[in-house]
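Engineer: Give me coordinates for this.
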Amino acid sequence: MNGVFPIAREELRLWLRSRLAFSALLVFALLLTATSVLTALRMSAEQQQRTGQQALAEETFLSQPDRHPHRMVHYGHYVFRVPPPLSVVDPGVDAVTGQSMFLEGHRQNTAMFADAGAGANLGGFDDLTAALVYQLFVPLLLIAMGHGLIVREREENTLAPLLAQNVTGVMLCLGKWIALAGVALVLLLPLFVMTALAAARGESLLTSAGLIGIYALYSLVWCSLILLVSALVRHRGLGLGILALFWLGAVLIVPRTAVESASTVVPAEGKLETDLRMQAELRAVGDGHNAGAPQFMRLRANLLAQYDVERVEDLPVNFRGVVAEVNEADVTDVLNKYAGERMALEARQARFAESFGWLSPVVAVSAGSRALSGTDLATHHRFLRKAEEVRFDFVQGLNRVHVEQLDYTIDINRSIDTASERLTRMSAENWNVLDEFSFEAAPASERLTRAAPALTMLSAWFLLLTAAVVFASRRIRP
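Structural biologist: Numbers count the residues shown, from 1 in each chain. Sure, this is the predicted structure:
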């Protein structure tokens with residue numbers, strides 16, 4: 001080992017003396033720093049804006065005047081998905097899935113206000129983030145600096161003297177690898193700063209450390225790959241060409257193939273067909289606005305028998321409100337069924353696409369980065385489920401007001417004149433059925449579990465490439 005560190009030190013000195021290497025390192029360091037700062041500022045502004053909008057939406061709902069409770073069901077409410085602290089590193093699906101949702105009775109709306117200009121997954125450069133810089137551009141810097149690690153010694157006829165001085169091929173490769181890995185780890189300094197800021201804002205230290213770890217492992221994968229190619233080729237131009245082609249395939253071809261293959265291997269039913277099936281089931285459930293529909297005759301008979309009366313006017317509860325309450329539960333069951341099917345399909349497609357991490361470390365690190373940052377598809381699905389819980393609870397709370405506080409006779413006569421309509425207006429104090437909405441990323445343990453496949457793939461890449469480097473280093477000849 002005594003000869004390993006001098007080799008690493010001399011390699012670092014060579015790069016410092018090289019204007020090209022020093023300039024490239026400086027440019028990439030500035031790019032990383034600038035991108036990190038801009039991403040942090042943008043996501044911090046998004047967090048403040050959405051938090052403010054959430055508070056405003058709740059205040060607006062609660063400040064509504066006296067109304068018929070079912071009008072408040074349709075007045076609705078907004079909820080917003082606030083970005084988690086680690087979104088300053090990797091905003092993930094934030095730009096393409098929508099960050100808010102309008103909640104109302106009898107339906108589940110889709111998330112809104114996605115960035116229409118956002119690029120496709122792993123293929124768009126419209127919004128350059130710290131995660132993209134680490135995933136796509138840092139490997140380019142490492143390739144530019146390290147493609148000649150071993151082959152340069154061969155071309156400059158310094159390999160034979162080195163080997164003649166009791167420097168083995170393993171020692172030479174290890175020293176070169178340490179030098180390149182040192183550069184890669186120095187480039188992680190902005191990431192250390194961002195994760196520290198995220199931790200100060202409440203992020204788990206475990207996920208912050210995991211995010212640093214996955215990018216460190218990703219960088220070391222590239223270091224081993226670059227060293228392996230440099231040890232095998234005879235000319236720097238050939239080594240640079242091989243590494244550039246691998247970068248293009250890993251960054252552009254494999255991720256795009258993964259996305260397209262996922263939609264082919266795990267096909268989704270067309271939206272029109274799905275909507276037609278869902279509407280057929282909803283028609284069978286009935287329309288809660290029409291208490292006289294055939295679907296509610298059994299409910300009517302059961303209530304009359306339960307309270308031992310002959311007319312719905314004599315019931316101690318508002319039959320129209322009971323119908324609205326029961327129908328909302330039945331409609332929600334149907335809506336949740338189709339929403340669950342859609343989310344399960346999307347999750348299968350995402351898992352299939354992420355399995356291409358065995359072919360590209362870029363796919364693996366991007367999947368792990370989103371999972372650890374709390375900005376992946378699973379987080380978006382969790383937001384949709386929690387928003388649906390809020391929707392159902394406040395709608396049923398208003399339906400309960402309809403059932404218990406509004407007289408049936410007054411309710412059915414509300415359209416006779418203005419005075420009759422005023423009698424159906426319930427006190428605004430009843431709007432407190434709305435609970436405060438606060439959405440946070442999943443616990444650290446859950447996010448680490450979701451990132452485990454990506455960590456496994458990157459570990460396999462690193463171990464295989466390192467083993468190949470050891471094998472190649474034992475056969476290094478002048």
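Engineer: the strands in the stretch 201-350 of the chain, which residues?
Structural biologist: If you assign secondary structure with DSSP state E, counting those that start in this stretch, the stretch 201-350 of the chain ends up with no strands.
Engineer: What segments of it are helices?
Structural biologist: Ranges of helices in the stretch 201-350 of the chain, per DSSP state H, counting those that start in this stretch, are 205-232, 236-248, 254-265, 271-285, 297-307, 319-354.
Engineer: Against which helices or strands is the first one packed?
Structural biologist: Using 3 or more Cβ pairs under 8 Å, 6 or more residues apart in numbering; DSSP states H and E as the contact criterion, the elements in contact with helix 205-232 are helix 138-146, helix 151-155, helix 169-186, helix 189-200, helix 236-248, helix 361-373, helix 444-473. Yep, even glycine has a C-beta here, placed from its N, CA and C like the rest.
Engineer: Can you list the buried residues in that helix?
Structural biologist: Of all the residues in helix 205-232, those buried under the rule 16 or more other Cβ atoms under 10 Å are 207-208, 210-232.
Engineer: ok, back up a step: turn the helices and strands packed on helix 205-232 into a markdown table, columns for mean pLDDT.
Structural biologist: Supplementary listing: those in a markdown table, determined by pLDDT from 0 to 100:
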| stretch | mean pLDDT |
| --- | --- |
| helix 138-146 | 91 |
| helix 151-155 | 88 |
| helix 169-186 | 92 |
| helix 189-200 | 90 |
| helix 236-248 | 95 |
| helix 361-373 | 96 |
| helix 444-473 | 95 |
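Engineer: what sits against A184?
Structural biologist: If you count contacts by Cβ atoms under 8 Å, 6 or more residues apart in numbering, A184 has them with 138, 142, 216, 219-220, 222-223.
Engineer: try 10 Å
Structural biologist: Contact criterion Cβ atoms under 10 Å, 6 or more residues apart in numbering gives 138-139, 141-142, 145-146, 215-216, 218-223, 226 as the residues in contact with A184.
Engineer: Tell me the one of those nearest I253?
Structural biologist: Among those, P139 lies closest to I253 (Cβ to Cβ), at 14.8 Å.
Engineer: How about the closest one, nearest residue that isn't a chain neighbour?
Structural biologist: The shortest distance from P139 to any residue other than its chain neighbours is 4.7 Å, reached at W222 (Cβ to Cβ, 6 or more residues apart in numbering).
Engineer: Over to T207?
Structural biologist: Going by Cβ to Cβ, 6+ apart, T207 has A444 as its nearest residue, at 4.7 Å.
Engineer: so the one you found touches L205, yeah?
Structural biologist: Yes - if you go by Cβ atoms under 10 Å, A444 and L205 touch, sitting 8.3 Å apart.
Engineer: any low-confidence regions in the stretch 51-200 of the chain?
Structural biologist: Applying pLDDT under 70 to the stretch 51-200 of the chain picks out residues 112-127.
Engineer: Tell me who's in contact with the closest residue to I214 other than its chain neighbours.
Structural biologist: The shortest distance from I214 to any residue that is not its chain neighbour, by Cβ to Cβ, 6+ apart, is 4.7 Å, and that residue is G368. By Cβ under 10 Å, 6+ apart, the contact list for G368 reads 90, 210-211, 213-215, 217-218, 354, 357, 376, 447-448, 450-458.
Engineer: ok, now how distant is G368 from L377?
Structural biologist: Between G368 and L377 the computed distance is 13 Å (Cβ to Cβ, to the nearest Å).
Engineer: any shared contact partners between the two?
Structural biologist: Shared contacts of G368 and L377, defined by Cβ under 10 Å, 6+ apart, comprise 354, 450.
Engineer: OK, contacts around S438?
Structural biologist: The contact partners of S438, taken as Cβ under 10 Å, 6+ apart, are 51, 54, 79, 82, 386.
Engineer: And N413, by the same measure?
Structural biologist: 407, 420-421, 423-424.
Engineer: Among those residues, which lie within helices?
Structural biologist: 420-421, 423 (DSSP state H).
Engineer: so which of the residues you listed comes closest to R42?
Structural biologist: Nearest to R42 among the ones in helices among the contacts of N413, counting by Cβ to Cβ, is E421 at 48.0 Å.
Engineer: Count the residues that sit near the residue nearest to the closest one when sequence neighbours are not counted.
Structural biologist: Nearest-residue entry for E421: R414, 5.0 Å, with adjacent residues in sequence omitted and distances by Cβ to Cβ, 6+ apart. Close neighbours of R414, defined as other Cβ atoms under 10 Å, add up to 17.
Engineer: what does the one 3 residues further on give?
Structural biologist: For D417, the number of neighbouring residues by other Cβ under 10 Å comes to 9.
Engineer: quick one, phi/psi of H235?
Structural biologist: The phi and psi values for H235, taken as degrees, to the nearest 10, are phi -140, psi 140.
Engineer: Tell me who's in contact with it.
Structural biologist: Taking Cβ under 10 Å, 6+ apart as the contact definition, H235 lies against 148, 151, 154-155, 241.
Engineer: Just the buried ones among those residues, please.
Structural biologist: Among the contacts of H235, those scoring as buried are 148, 151, 154 (criterion: 16+ other Cβ under 10 Å).
Engineer: The last one against R234, yeah?
Structural biologist: Yes - contact criterion Cβ under 10 Å: R154 and R234 qualify, at 6.7 Å.
Engineer: just the contacts of A184 now: which is nearest W177?
Structural biologist: Closest to W177 out of the contacts of A184 is C223 (5.9 Å), distances taken as Cβ to Cβ.
Engineer: okay but P84 is in contact with G374, surely?
Structural biologist: Yes - P84 is in contact with G374 according to Cβ under 10 Å; the separation is 4.0 Å.
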